[in-house]
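Undergrad: pasting the structure only:
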């Protein structure tokens, strides 16, 4: 069985897999619209933390829209109830089979995790400057939200250098600017 990751699974595969293939799916856009209250942010706002972090989810696009990521060939047990991957991806409650188009020209079906439509976890669109401020300040048990953003941007630059994800690039530039000028780390 294959799974396709387009967020932290592109750079953090903390599970066993048989093969790793860089590729893309069609008909979606990757957006930082999903709340993270258990990995890259916290549930309550306090004087130390700035509300939930923002992580990526997929939103419907047209057939010209693509999202690059990584497909992993895994055992069926990896997706069993209570598995570490299911716990890690618990806020991604919608699962769909999509065709992955590998960089080498092959195509195959893979399971894709899509963020929940639960309003408490779906932050949705916001001005890029507001999203950048939230990402720059948010910290959770898995570390700074900005690290998530930077790791995803690094994956895209190193493994898919011919494709520019405008949403990702813009947020990376804005967060780096905030960190450089406002001393947010």
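TA: Nice, I can see it. Please read all numbers here as calculations on a predicted model, not as lab measurements.

Undergrad: residue ranges of the helices in this protein, please?
TA: 84-88, 128-137, 145-159, 166-182 (DSSP state H).

Undergrad: Can you tell me which of these is nearest to residue 113?
TA: helix 84-88 (9.0 Å; Cβ to Cβ). Backbone N, C-alpha and C define where each C-beta goes, glycine included.

Undergrad: could you list every residue that touches residue 24?
TA: By Cβ atoms under 8 Å, 6 or more residues apart in numbering, residue 24 lies in contact with 66-69, 100-101.

Undergrad: again, only this time at 10 Å
TA: The contact partners of residue 24, taken as Cβ atoms under 10 Å, 6 or more residues apart in numbering, are 4, 6, 65-69, 71, 98-103, 160, 163.

Undergrad: on that earlier part again, possible to save the helices of the chain as CSV with distance to residue 116?
TA: Listed next are these as CSV, based on distance: least, Cβ to Cβ, whole Å:
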stretch, distance to residue 116
helix 84-88, 14
helix 128-137, 19
helix 145-159, 18
helix 166-182, 20
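
Undergrad: Show me the shaky parts of the chain.
TA: Along the chain, segments meeting pLDDT under 70 span 37-50, 80-92, 183-185.

Undergrad: and the contacts of residue 24, which are buried?
TA: Buried by 16 or more other Cβ atoms under 10 Å: 4, 6, 65-69, 71, 98, 100-101, 160, out of the contacts of residue 24.
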